[in-house]
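Student: Requesting a structural model of the entry that follows:
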Amino acid sequence: MESAGNLAGQVALVTGAGRGIGRAVALALAGRGARVVLAARTAAQIEAAAAEIAREGGEALAVPADVSREEDVRALFDRLRERFEGRLDILVNNAGIGIFGPLETFSAADFDRVLAVNLRGTFLCAREAMRLMRPRRRGWIINVSSVVGIKGYPLQAAYTASKHGVVGLTKSLAAEAQPHGIRVSVILPGGVDTELAGAARPDLDRSVLLRPEDIAQTVLYLLSLSDRAAVDQIYIRRRASPPF
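Tutor: Numbers count the residues shown, from 1 in each chain. Presented below is the predicted three-dimensional model:
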């Protein structure tokens, strides 16, 4: 894997790329020369981000997709294969939703929806990425979990279960991928100033939260590592929260 200082020619796919962390990651990768595929459910958002990349001289492809739907994920990867001749160097699984409330009144439909997007979507995209990366014996899959992937908070049972699942999925996939030259990492951000964080924790002072760009810089850090190094997980917290 080349240094993140020069991703020229590499192909990166970012899910949930229309806003928040995903958008920041897509712009950061494009800024280092990667050709970026932006996926999200809202076409207008990813098209605006792709246009911004193009204005800066980068190359971007916006593909509307709901990652919880297998047919959407297959169509997304078909577009990627067609545009970039089957090449994929970097996958950032960032798409996610949050629905919050007391467990005793939480609907099964809402529980299923959160796991479908956050966990099933990560699985579906990682599976398709492996099919492209394995023959080339290179690539990096970066899954975005959350601090709730290692902790639990009230009113967040479905979201917490999904993000714990992403961590577990990452561990297993990393073991499967390593013999094929593919690295798999998971990032667990603490509170990030996004719409989702505002819904989950309205009590937090937004001024002390992490910014999406902090997570984008973490992605670039991973991609800057030499072929000798691999990172299993990174927990990045807001400075105002307690250490360890």
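Student: For residue 168, report the pLDDT, please.
Tutor: With respect to pLDDT, residue 168 scores 98.
Student: May I see the buried residues of the helix or strand harbouring it?
Tutor: Using DSSP states H and E, residue 168 falls within helix 157-177. Neighbour-count burial for helix 157-177 flags 157-167, 169-170, 173-174, 177 (criterion: 16 or more other Cβ atoms under 10 Å). Bear in mind the C-beta positions are built from the backbone N, C-alpha and C, glycine included.
Student: Out of those residues, the closest to residue 110 would be?
Tutor: residue 158 (6.5 Å; Cβ to Cβ).
Student: Would you mind confirming that the closest one is in contact with residue 99?
Tutor: Yes. Here residue 158 lies in contact with residue 99, judged by Cβ atoms under 8 Å, at a distance of 6.1 Å.
Student: any shared contact partners between these two?
Tutor: Shared contacts of residue 158 and residue 99, defined by Cβ atoms under 8 Å, 6 or more residues apart in numbering, are found at 106, 110, 114.
Student: Mind checking which of these are in helices?
Tutor: 110, 114 (DSSP state H).
Student: Residue 213 contacts residue 28, doesn't it?
Tutor: Yes. With contact defined as Cβ under 8 Å, residue 213 counts as touching residue 28 (7.4 Å).
Student: Do you know the pLDDT at the most far-flung residue of the chain relative to its centre?
Tutor: Checked against the mean C-alpha position of the chain, the extreme residue using Cα atoms, centre = their mean is residue 104, at a distance of 30.1 Å. Residue 104 is assigned 97 on the pLDDT scale.
Student: Just after the helix-or-strand element of the chain with minimal mean pLDDT, pick out the following helix or strand.
Tutor: Least confident helix or strand of the chain, by mean pLDDT, DSSP states H and E, is helix 195-200 with a mean of 73. Downstream of helix 195-200, the next assigned helix or strand under DSSP H and E is helix 212-224.
Student: chain center to that following helix: distance?
Tutor: 11 Å (Cα atoms, centre = their mean, to the nearest Å).
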